[in-house]
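Trainee: using only what follows, build the 3D model:
(one chain, ligands or ions: 2)
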Amino acid sequence: MVTIKDNCARSEKLKGKHTLVSKTTVIAIAGASASGKSLFASTVYHELVEELGSDGIAILAEDAYYRDQSHMTMEQRVLTNYDQPSAFEHDLLLQHIQQLRREEGVDMPQYSHTTHTRLQESIRVAPAKVIMVEGILLLTDPALRQEFDIAVFMDTPLDICLLRRIKRDIEERGRTLQSVTEQYEQYVRPAFFDHIFPSKQYADLVVTRGGQNEIAIDIIKTKIRQLLAE
Ligand SMILES: Nc1ncnc2c1ncn2[C@@H]1O[C@H](COP(=O)(O)OP(=O)(O)O)[C@@H](O)[C@H]1O
Ligand SMILES: Nc1ccn([C@@H]2O[C@H](COP(=O)(O)O)[C@@H](O)[C@H]2O)c(=O)n1
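Mentor: Ligands and ions are numbered 1, 2, ... in the order given. Down below sits the predicted model:
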């Protein structure tokens with residue numbers, strides 16, 4: 001039975017959702033570092049592009065909106081806490097999502113996790129009917145949350161995330177085992193409990209087992225197919 005309380009809760013949740021007024025649907029994919037957000041988003045993207053072509057879907061990465069640190073020395077950059085909201089330029093990400101909704105293209109910055117700063121070149125992202133945005137702190141920001149029509153949370157166990165992060169950061173981000181474990185204890189794990197885990201309450205869909213959960217991938221693909229056909 002649907003109660004008045006349920007209806008109030010639902011209309012509260014729908015406040016700020018744009019599906020009825022905007023032609024663009026924005027899907028957020030959040031969760032811990034190395035929980036499989038990028039893999040999930042890129043799997044959905046590539047499988048649908050193969051099937052339907054690349055026109056209707058675009059991906060933005062929250063990581064691309066880490067603050068530029070080119071004015072800082074490498075020693076200073078290494079000491080930055082990259083797991084707190086102030087590490088990101090969320091204002092710029094918000095602006096880009098709103099521009100894409102207005103059917104304007106945007107220049108998404110490019111970021112290097114090896115040099116800890118932005119690259120000179122940006123990537124042009126064209127407006128699309130469905131925008132997927134993936135990143136650790138997306139659901140912690142009230143202004144960004146207002147822009148998300150669908151929010152997905154990757155609920156991968158933290159020990160699995162840590163194992164994957166160690167491998168990825170050493171192989172792809174130029175880190176040592178010692179630097180990964182020190183950063184994890186000082187910043188990454190506390191941020192999960194302070195910011196990321198509490199933001200799970202804002203998700204519409206919670207995905208267990210990470211970026212290769214075929215059923216969850218299929219559910220999002222089905223929803224996107226439906227949106228693109230409208
Ligand atoms: N289900 C999985 N099985 C095996 N490896 C995975 C799985 N999901 C992600 N990975 C690997 O773990 C690492 C982190 O995944 P990624 O999607 O980049 O996480 P995130 O974007 O959440 O940081 C990557 O190297 C990725 O290939
Ligand atoms: N210069 C940087 C910037 C970020 N990080 C770490 O990246 C994590 C977020 O990216 P995921 O792809 O793992 O979601 C975050 O936990 C930061 O600690 C970094 O190490 N160096």
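Trainee: can you tell me the helix or strand for residue 119?
Mentor: strand 117-125 (DSSP states H and E).
Trainee: C-alpha coordinates for that strand, PDB please?
Mentor: The C-alpha trace of strand 117-125 is given here as PDB (Å, rounded to 0.1, in the frame of the first residue of the first chain):
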ATOM      1  CA  THR A 117      47.400  17.900 -12.100                       C
ATOM      2  CA  ARG A 118      45.400  18.900 -15.300                       C
ATOM      3  CA  LEU A 119      46.800  18.300 -18.700                       C
ATOM      4  CA  GLN A 120      46.900  21.200 -21.200                       C
ATOM      5  CA  GLU A 121      44.400  19.600 -23.500                       C
ATOM      6  CA  SER A 122      40.700  19.200 -22.800                       C
ATOM      7  CA  ILE A 123      38.200  16.800 -24.400                       C
ATOM      8  CA  ARG A 124      35.200  18.200 -26.300                       C
ATOM      9  CA  VAL A 125      32.000  16.600 -25.100                       C
END
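Trainee: so what touches it?
Mentor: With contacts defined as CB atoms under 8 Å, 6 or more residues apart in numbering, strand 117-125 is touched by 58, 60, 64, 66, 68-70, 72, 77, 96, 100, 105-112. (C-beta placed from N, C-alpha, C; glycine too.)
Trainee: now, which of these lie within helices?
Mentor: Counting by DSSP state H, the contacts of strand 117-125 place 77, 96, 100 in helices.
Trainee: quick one: which of those has the most company?
Mentor: residue 100 (24 neighbours; other CB atoms under 10 Å).
Trainee: and the spatially most central residue of the chain, what does it touch?
Mentor: For the chain, residue 134 is the residue whose C-alpha lies nearest the centre (CA atoms, centre = their mean; 1.7 Å). Residue 134 is in contact with 28-30, 37-38, 40-41, 59-62, counting by CB under 8 Å, 6+ apart.
Trainee: related to what we said a few turns ago, buried ones among the contacts of strand 117-125?
Mentor: 58, 60, 64, 66, 69, 96, 100, 106, 108-109, 111 (16 or more other CB atoms under 10 Å).
Trainee: any chance of those in JSON lines, with pLDDT too?
Mentor: Below are those laid out as JSON lines (pLDDT from 0 to 100):
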{"residue": "58", "pLDDT": "96"}
{"residue": "60", "pLDDT": "98"}
{"residue": "64", "pLDDT": "98"}
{"residue": "66", "pLDDT": "98"}
{"residue": "69", "pLDDT": "96"}
{"residue": "96", "pLDDT": "98"}
{"residue": "100", "pLDDT": "97"}
{"residue": "106", "pLDDT": "98"}
{"residue": "108", "pLDDT": "98"}
{"residue": "109", "pLDDT": "98"}
{"residue": "111", "pLDDT": "97"}
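Trainee: my guess is residue 92 meets residue 67, correct?
Mentor: No. Applying CB atoms under 8 Å as the test, residue 92 and residue 67 come out as separate, 9.5 Å apart.
Trainee: between these two, who's got more neighbours?
Mentor: Neighbour totals were compared for residue 92 and residue 67, and residue 67 leads with 18 against 15 (other CB under 10 Å).
Trainee: residue contacts, the closest residue in space to that one that isn't next to it in sequence?
Mentor: Ranked by CB to CB, 6 or more residues apart in numbering and with sequence neighbours excluded, the top spatial neighbour of residue 67 is residue 89, at 5.5 Å. Neighbour list for residue 89: 65-67 [criterion: CB under 8 Å, 6+ apart].
Trainee: any chance of a markdown table for the ones in helices among the contacts of strand 117-125, columns distance to residue 130?
Mentor: A markdown table is the format used below for the ones in helices among the contacts of strand 117-125 (distance: CB to CB, whole Å):
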| residue | distance to residue 130 |
| --- | --- |
| 77 | 34 |
| 96 | 15 |
| 100 | 10 |
